[in-house]
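[1] Sharing a sequence plus its predicted fold:
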Amino acid sequence: MFIKKNTSRQNGKTYTNYLLVESVRTPKGPRQRVICSLGDLSPRSKEEWLKLARKVEVALTGQQPLFDVPDVPDPLVHEIVDKARRSSGGSSAATRPDDDVVAVHTDRVETEDVLDAGGAHVGVQFFKRLGMDEILPAAGLSERSAALACAMVMNRLISPASENAMPGWIRRNAMSDILGTDFSNLSEESLYRNMDRLYPHRAIIESELARREKNLFNLDTTIFFYDLTSTYFEGKAQGIEKAKRGYSRDKRPDCKQVVIGLVINRDGFPVAHEIFDGNVQDRQTLATMLDAIDKRIGLREGQTVVVDRGMAYGDNIKEIKARKLHYIVASRQSERDEWLAQFEDLEGFREIKREPSPLNPCQKKTKVLVRKTTADGGETLVLCHSDGRLEKDRAIREKHEARLLADIAALQKRIAGGGLKDPLKISEAIGRLKERYPRVARYYRLGHDPQTATLSVAVDDDRKTIAASLDGCYILKTDRPDLDAEEAWRIYMNLTRAESAFRAMKSPLAERPIFHQIERRVETHIFLCLLAYHILVSVEKTLLDQGVHTSWATVRETLDTHKIATIVLPTDSGATLKIRKSSTPTEEVARLYTLLNVPAQIIPPRKTWHSHPDRLENVVTEKIKKRP
């Protein structure tokens, strides 16, 4: 609903009249329908007209807006509402006092404008529960921008699409009904501009979200888990400084990428994120992320940081200790060799059974043997042997070995054919092979004979046997002597929650690939996916706390059956009563709403009377034209 300015000229004079107008859907597409004429109102700014129209709509429909703003009394509101309700012929906003009992032509009853609503309803309820409806305006976004940002987050949560496709999805979903905002004229350019408005406020929003989630879910903030992933671009990404080719976790080395660092707490809620150059090494990012955590929520002495082996270097451990924090890290593969005898002697190992996650039915049940020991310098080590990891390590080792042998054969062919003769260059090629396959190259000896132009290959069987016997073995290191082997192992395994977060962002939230070619929009796109993940993990945590093990994907599919529709009731008086309301939820959906503490009624029923709206519009237009 909005106010439209109409001007006409009569005898050389210009006359101005304002109309209260609403957008309606017709078989021929969206149309504007005049509710009533408002006369020659006093001049106002565009923003004031929008607020006035919004107040009138709320007063006429009884609709509760998502983003509450201070209510400044406006004498025009009551006047306009009265005029709309007295409007001749009845209007779409005018209701009748006795509209609860009417005689209806049942054979002409129809439904129209049926839109998906269940997923968006739950998403918006959690959006409000996390306080985002307050955080966004407090960060500096206008009421309209905050509502649009909410719709964009809901799109990533429910049916991820590019910004080009997002306006169509918003109109096909009941976002306008739920948010109380008119999106009928929404364009993709509006979404791009809104991303630009959101961009400067990301850190403030993330910080406030972390604070509210801690209080809402009573989250543990003594342990942080840090991991990285990459996401690739479609296109050349020439205008994006951070877009570079590097190690691709998406198996797309042909594309430029950025690296995303994410810190989560023990319950899987995001704490902070940063976006790095696509070719950055894992070990180079830790200090930046610790700074980010400190800025977002503040680091305290005695907290524990958990990282994977890609960051298990001495300089990173020194960085953690310098901040008076504790650490749990996985050692690098090369460090296991010196502990072979310890792994072979199974005495003193404790067996732990790892049950598969209820949210990941493909995960296998595994058995892990752990034993605590102490290294030189007093560092506590946990030796781990996993039967589930054994298969994975063996497969990786054999794949690398096959690739190494294939590259060795190719190098032998080049040397034998005379394509490579310089001993220095041959030595460099051998060095590159060892650098490319460090896991398996250590038990292969390569030698070049310039006299016979051959490259010899010998296998160190002892080293190969050691490597095979260490499949499935890994070492955890920590400076916390208070942890026993099982406690340290279970804490470290929570790092998989960060991996789950990345999987969720990449699959159900469709964070990849990225099509944007402007850096600030790339970072805002990732941030929108992260905001959607906040809602996703909040829903799953709420269900998990009640013993319900299910994923957001399953919840979203169940909620697809709940709709908002308009029931069209032709009455015996010749007028038509339209009731806009949500459908009755199925038993399964109703149970979900109960578990999530979400109201089953999505919107209050809105009744509107329609009687020859085209004739009414013509009458109003004629009055404007005949105005002296």
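    Noted; the coordinates are in hand. Residues are numbered from 1 along each chain as shown.
[2] number of nearby residues for D471?
    The number of residues packed near D471 is 18, by other Cβ atoms under 10 Å. C-beta coordinates here come from the backbone N, C-alpha and C atoms, glycine included.
[3] Just give the nearest non-adjacent residue to it, would you?
    Computed as Cβ to Cβ, 6 or more residues apart in numbering, the closest residue to D471 that is not its neighbour in sequence is D393, at 4.0 Å.
[4] Surely the one you found and G472 touch.
    Yes - contact criterion Cβ atoms under 8 Å: D393 and G472 qualify, at 5.5 Å.
[5] Could you give the separation of stretch 433-450 from the chain centroid?
    Offset of stretch 433-450 from its chain centre (Cα atoms, centre = their mean, to the nearest Å): 43 Å.
[6] For it, measure first residue to last.
    Start and end residues of stretch 433-450 are separated by 19 Å (Cα to Cα, to the nearest Å).
[7] what do you get for stretch 443-453?
    End-to-end distance of stretch 443-453 (Cα to Cα): 23 Å.
[8] just to revisit the earlier point, show me what contacts the residue nearest to D471?
    Counting by Cβ atoms under 8 Å, 6 or more residues apart in numbering, D393 makes contact with L470, D471, G472, C473.
[9] Just the mean pLDDT for the strand or helix carrying it, thanks.
    If you go by DSSP states H and E, D393 is part of helix 387-416. For helix 387-416, mean pLDDT is 90.
[10] Stretch 218-232 now?
    Averaged across stretch 218-232, pLDDT comes to 91.
[11] Just the C-alphas of that stretch, formatted as PDB.
    What follows is stretch 218-232, C-alpha atoms only, in PDB (Å, rounded to 0.1, in the frame of the first residue of the first chain):
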ATOM      1  CA  ASN A 218      23.700 -20.600  27.300                       C
ATOM      2  CA  LEU A 219      26.700 -21.300  25.000                       C
ATOM      3  CA  ASP A 220      30.200 -22.300  26.200                       C
ATOM      4  CA  THR A 221      32.900 -19.700  25.300                       C
ATOM      5  CA  THR A 222      35.900 -21.400  26.800                       C
ATOM      6  CA  ILE A 223      36.800 -23.300  23.600                       C
ATOM      7  CA  PHE A 224      37.000 -22.000  20.000                       C
ATOM      8  CA  PHE A 225      37.500 -24.200  16.900                       C
ATOM      9  CA  TYR A 226      39.100 -22.700  13.800                       C
ATOM     10  CA  ASP A 227      39.200 -24.100  10.300                       C
ATOM     11  CA  LEU A 228      39.300 -22.800   6.700                       C
ATOM     12  CA  THR A 229      37.700 -23.600   3.400                       C
ATOM     13  CA  SER A 230      37.800 -22.100  -0.100                       C
ATOM     14  CA  THR A 231      35.100 -21.000  -2.500                       C
ATOM     15  CA  TYR A 232      35.600 -20.400  -6.200                       C
END
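[12] Please point out which parts of that stretch sit buried.
    For stretch 218-232, the neighbour count (16 or more other Cβ atoms under 10 Å) marks L219, T221, I223, F224, F225, Y226, D227, L228, T229, S230, T231, Y232 as buried.
[13] Sketch out the low-pLDDT regions of the stretch 251-400 of the chain for me.
    For the stretch 251-400 of the chain, the stretches flagged by pLDDT under 70 are 355-365.
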